[in-house]
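Peer 1: Got a predicted structure here, sequence first:
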Amino acid sequence: MNQATVEFRHVSKQYGPQGAVVDLSLTVPAGDICVLVGPSGCGKTTSLKMVNRLVEPSSGQVLIDGQDIMRVEVTELRRRIGYVIQQIGLFPHQTIADNVATVPRLLGWPRARIQSRVEELLELVGLDPGRVRDHYPSQLSGGERQRVGVARAMAAEPPVMLMDEPFGAVDPIVRERLQNEFLRLHRALGTTVLFVTHDIDEAIKMGTRVAVMQQGGHLAQYAPPTELLLHPANDFVGRFVGTDRGLKRLTLLTVAEAKIQAGVVARVGEGARAAWRRALEAESPWVLLLDRDDRPQGWMRVEQLAREGPLTADSMDASSPLVHYETTLRDALSMLLASAVQTAVVVDERGRYAGILTLDELGIAFRSDAEPRAVEVA
């Protein structure tokens with residue numbers, strides 16, 4: 001994994017008599033996602049831009065793996081840092097493939113290596129290379145363009161990625177999908193990320209560490225999300241995090257962290273009596289029907305199975321919400337409360353059955369969430 005530690009040592013940036021950032025000191029360990037969050041004008045974006053010298057500090061040091069960024073030639077520095085912004089910034093007259101290949105081409109990579117990397121990254125961000133590589137940005141949706149922006153930032157395998165309100169310009173449904181996709185990518189690639197947002201819910205969901213900044217460019221608290229929710233450092237942090245801190249903790253846990261049960265399943269075409277016997281043995285009032293590719297079709301009551309003949313999708317009595325391993329427990333709870341069965345079906349990235357999640361198990365996962373220790377501000 002290509003990753004680096006980022007450190008701010010007593011960094012300030014002065015704009016006239018008021019400081020945009022004042023005495024910022026914190027360390028982002030390699031591979032972490034550090035989210036900078038706070039109200040408008042608190043210095044979040046200024047702090048981010050100091051890492052790639054789009055803004056230069058008035059005092060203090062910013063270090064990447066112990067190296068002072070002011071001692072690195074600025075073009076070389078920026079080619080080592082991925083940068084994603086809300087407006088995406090794709091070149092409109094270049095194809096998607098050419099956009100993604102921008103930095104590798106500047107670095108002089110061989111053509112074959114560039115082509116291979118473009119294909120790999122488009123697949124990683126959930127786009128079909130064959131469909132989009134020769135398109136232009138205007139031919140893609142906003143969510144697709146944002147994915148291309150992430151792919152371009154990752155193209156040269158940067159050890160640090162800067163993301164400034166990256167998902168702020170898309171609708172809420174697409175935004176959630178992009179957030180989940182990025183978290184999946186981060187688990188696979190482990191790049192160190194500094195992420196700016198004004199949305200505390202996004203900060204809690206995305207960050208392994210959260211830096212809450214307040215007006216005047218001061219750091220109010222730097223801690224893992226659960227610590228932030230359980231123990232706000234002061235009244236400002238408490239008000240900013242909100243009164244629904246308990247519910248917000250559900251966004252810190254995903255389905256993957258809950259106990260996923262096997263459930264009782266049957267497949268289309270299988271004999272109904274065989275499924276009925278399995279349900280009776282398991283003392284389950286419901287059986288989940290899967291198609292021949294293991295994709296969930298819906299639930300059947302055990303009474304419906306006490307007959308001869310094959311199972312068909314026409315026999316289903318109720319459906320259930322489908323959740324992925326990346327789905328937060330808050331989202332899963334919302335879907336479960338609206339479900340007739342009150343059992344979520346867990347599916348993998350291809351939509352295949354992986355297990356079930358019940359309300360009881362969701363509650364157990366929430367109650368057993370251990371409180372982490374606070375992160376010391378360097």
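Peer 2: Great, that's in hand. Model, not experiment: these values are computed from the prediction.
Peer 1: I'd say residue 291 and residue 313 touch.
Peer 2: Yes. Shown here, residue 291 and residue 313 form a contact pair, counting by C-beta atoms under 8 Å, at 7.4 Å. Backbone N, C-alpha and C define where each C-beta goes, glycine included.
Peer 1: okay, these two: which has more neighbours?
Peer 2: Higher neighbour count among residue 291 and residue 313: residue 291, with 14 against 11, using other C-beta atoms under 10 Å.
Peer 1: Mind splitting this protein into its structural domains?
Peer 2: Domain assignment of the chain by automatic domain parsing yields the ranges 6-245, 257-365.
Peer 1: Overlap in contacts, residue 291 and residue 313.
Peer 2: Common neighbours of residue 291 and residue 313, counting by C-beta atoms under 8 Å, 6 or more residues apart in numbering, are 268, 297.
Peer 1: average pLDDT across the one helix or strand residue 297 maps to?
Peer 2: Taking DSSP states H and E as the definition, residue 297 sits inside strand 296-301. Averaging pLDDT along strand 296-301 gives 88.
Peer 1: would you put the C-alpha positions of that strand in PDB?
Peer 2: What follows is strand 296-301, C-alpha atoms only, in PDB (Å, rounded to 0.1, in the frame of the first residue of the first chain):
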ATOM      1  CA  PRO A 296     -32.800 -13.000  -2.900                       C
ATOM      2  CA  GLN A 297     -36.400 -13.000  -4.300                       C
ATOM      3  CA  GLY A 298     -38.500 -12.700  -1.100                       C
ATOM      4  CA  TRP A 299     -39.800 -14.500   1.900                       C
ATOM      5  CA  MET A 300     -42.300 -17.300   2.100                       C
ATOM      6  CA  ARG A 301     -44.200 -18.400   5.200                       C
END
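Peer 1: And the following helix or strand past that strand, how far out from the chain middle?
Peer 2: For strand 296-301, the following helix or strand on the C-terminal side (DSSP H and E) is strand 322-323. Centre-to-centre, strand 322-323 and its host chain are 17 Å apart (C-alpha atoms, centre = their mean, to the nearest Å).
Peer 1: same check, this time on stretch 206-222
Peer 2: The answer for stretch 206-222 is 19 Å, by C-alpha atoms, centre = their mean.
Peer 1: now do stretch 54-69
Peer 2: Relative to the centre of its chain, stretch 54-69 is centred 27 Å away, using C-alpha atoms, centre = their mean.
Peer 1: For it, buried residues please.
Peer 2: Buried residues in stretch 54-69, counted by 16 or more other C-beta atoms under 10 Å: 55, 57, 60-64, 69.
Peer 1: got it, and stretch 279-291?
Peer 2: For stretch 279-291, by 16+ other C-beta under 10 Å, it's 279, 286-290.
Peer 1: hmm, who's touching it?
Peer 2: Outside stretch 279-291, the residues that touch it by C-beta under 8 Å, 6+ apart are 263-268, 275, 278, 296-302, 305, 311, 313, 315-316, 318, 320, 341, 343, 345, 353, 356.
Peer 1: List buried residues within these.
Peer 2: The neighbour count (16+ other C-beta under 10 Å) marks 263-268, 275, 278, 296-300, 302, 305, 311, 315-316, 320, 341, 343, 345, 353, 356 as buried among the contacts of stretch 279-291.
Peer 1: Isn't residue 201 up against residue 250?
Peer 2: No. The pair residue 201 / residue 250 is not scored as a contact, 10.8 Å apart, by C-beta under 8 Å.
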